[in-house]
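In: Quick one, fold the following:
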Amino acid sequence: MNPYILLGRILERFYGNGISKVNGYKGFEYIHETRSTVYVKRENGKEAPIAFEKIIDGIEAFQLKPELYNQGPSALRDYGITHITSPVWSLLHLLQIEDYEKKELARHQIKKISILDEHGILEHELELSWRIYELALNAYHHADYLFLKASEEEKRIISNSKSLKFLRVVCARTCILELSKLLTKGRNNHYSFWNLVVRLKKKRFVGNINISAETLSEIERSLFTNKDIIEKIKTIRDKVVAHDDSNNHLISRQIFNNLLPLLELTHSILSKLCIEQYQKVCPPEPKNDIRLDIFDHY
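Out: Sure thing, here's the model as predicted:
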């Protein structure tokens, strides 16, 4: 099993139990966690930061040699874990030895897990969602410049350059593809806001979740309010960007006037989630208007 899935399960159980203790060994209390570290309190009252990467090292060691499970904390020293062997070993024992054993399943036995049922680390997923948003925003601004904002002299250069005309089309399409990752429905669409709301409601994230039910309802309402525009973008993605369907000439070009509102919607949703959960200052919102035509021949 993927070590990061096991890490998520360990953190979830540690947070839920409030303590990690193996009979005959010292226990460790849960304090708090960040996107890369969980903080524990030793029995002597001292606080210790445990990097997720060290827990991953322990998971991979147990997967390589499951017999380490019963050999005590010092067995982890051979795998690059020092000074924090006891808390890491204790955390690893929040799972059973069977969880670390690799079992080959027959093809008909393999069960695909929906993203809605997977556990994750919220801050990590929000960070990746921001990256997707920023790529869409940057692609949007580049296409805007190459299509509209360039000076007359620059436009003459662009019109005579196959590379620049190709680039503006690629930027426009990239914007649509990246926005689709965040705004369209799909049971296994990992970064979909629709799925994120469901997973938050089902408590599919480890650690403290500070996002209120009211905020989740607001996000749902904003998605439903814009569902027609989102569906049009999905149609463009499916019929034109991902596939060159023969009837794509029937699709209205005016859809590209809706890219800016969708970027603003995306920024609004991410801002609400990040500020409420982490009190973070979010990147600036999109401001430029744009009218794109990715059907422009180059």
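In: Every contact and neighbour count from this point should use C-alpha atoms.
Out: Will do.
In: Which parts of the stretch 1-150 of the chain are helices?
Out: Remark: helices assigned in the stretch 1-150 of the chain by DSSP state H, counting those that start in this stretch are 3-17, 52-64, 85-92, 97-100, 122-144.
In: out of those, deepest packed?
Out: Most buried of these by mean neighbour count (mean count of other Cα atoms under 10 Å) is helix 85-92; its value is a mean of 23.
In: pLDDT of that helix, averaged?
Out: The average of the pLDDT scores along helix 85-92 is 94.
In: now it against helix 3-17, angle please.
Out: Angle of helix 85-92 versus helix 3-17, following axes from the mean of the first three to the mean of the last three Cα atoms, to 10 degrees, is 90 degrees.
In: send the alpha carbons of helix 85-92 over as PDB?
Out: The C-alpha atoms that make up helix 85-92 are tabulated as PDB, following Å, rounded to 0.1, in the frame of the first residue of the first chain:
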ATOM      1  CA  THR A  85      13.300   6.200  17.100                       C
ATOM      2  CA  SER A  86      10.900   5.700  20.100                       C
ATOM      3  CA  PRO A  87       8.100   8.100  19.000                       C
ATOM      4  CA  VAL A  88       8.400   7.000  15.400                       C
ATOM      5  CA  TRP A  89       8.300   3.300  16.400                       C
ATOM      6  CA  SER A  90       5.300   4.000  18.700                       C
ATOM      7  CA  LEU A  91       3.400   5.800  15.900                       C
ATOM      8  CA  LEU A  92       4.000   3.000  13.500                       C
END
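In: Contacts for it next, please.
Out: By Cα atoms under 8 Å, 6 or more residues apart in numbering, the residues outside helix 85-92 that reach it are 10, 14, 20-22, 26-28, 40, 50, 54-55, 58-59, 72-74, 76-77.
In: where are the low-confidence patches of the protein?
Out: 102-120, 187-188, 243-257, 281-298 (pLDDT under 70).
In: Show me where it has its strands.
Out: Chain-ordered strands for the chain, with DSSP state E as the definition, fall at 19-20, 28-33, 37-41, 47-51.
In: Quickly list the domain ranges of the chain.
Out: 3-100, 116-278 (automatic domain parsing).
In: ok now the shortest one, how far from the chain's centre?
Out: Which is domain 3-100. In terms of Cα atoms, centre = their mean, to the nearest Å, the centre of domain 3-100 is found 24 Å from the chain centre.
In: and the end-to-end length of it?
Out: 9 Å (Cα to Cα, to the nearest Å).
In: Grab the most central residue of the protein for me.
Out: Against the mean C-alpha coordinate of the chain, by Cα atoms, centre = their mean, the closest residue is residue 125 at 2.8 Å.
In: mind listing the helices for the stretch 151-298 of the chain?
Out: Using DSSP H, counting those that start in this stretch, helices in the stretch 151-298 of the chain cover 152-159, 162-183, 193-201, 213-225, 227-236, 259-278.
In: Ok, which of the ones you listed comes nearest residue 143?
Out: helix 162-183 (4.8 Å; Cα to Cα).
In: The closest one vs helix 213-225, what angle?
Out: Relative orientation of helix 162-183 versus helix 213-225 (the same axes, to 10 degrees): 130 degrees.
In: I'd like to know which elements helix 162-183 is packed against.
Out: Where contact means 3 or more Cα pairs under 8 Å, 6 or more residues apart in numbering; DSSP states H and E, helix 162-183 is packed against helix 122-144, helix 152-159, helix 193-201, helix 227-236, helix 259-278.
In: In TSV: those helices, plus distance to residue 96.
Out: Shown next, in TSV, are the helices and strands packed on helix 162-183 (distance: least, Cα to Cα, whole Å):
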stretch	distance to residue 96
helix 122-144	25
helix 152-159	62
helix 193-201	25
helix 227-236	43
helix 259-278	31
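In: closest to residue 209 out of those?
Out: helix 259-278 (6.8 Å).
In: can you pull the buried residues of that closest one?
Out: Neighbour-count burial for helix 259-278, with 16 or more other Cα atoms under 10 Å as criterion, is recorded at 259-260, 262-263, 265-267, 269-274, 277.
In: can you check stretch 202-222 too?
Out: For stretch 202-222, the neighbour count (16+ other Cα under 10 Å) marks 203-207, 211, 216, 219-220 as buried.
In: Can you add distance to residue 143 and give those back as TSV?
Out: Below are those laid out as TSV (distance: Cα to Cα, whole Å):
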residue	distance to residue 143
203	39
204	37
205	36
206	39
207	40
211	35
216	32
219	28
220	30
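In: Show me which pair in the residues you listed is furthest apart.
Out: The largest separation in the buried residues of stretch 202-222, counting by Cα to Cα, is between 207 and 220 at 22.9 Å.
In: So residue 10 is in contact with residue 95, correct?
Out: Yes - counting by Cα atoms under 8 Å, residue 10 sits close enough to residue 95 to count as a contact (6.8 Å).
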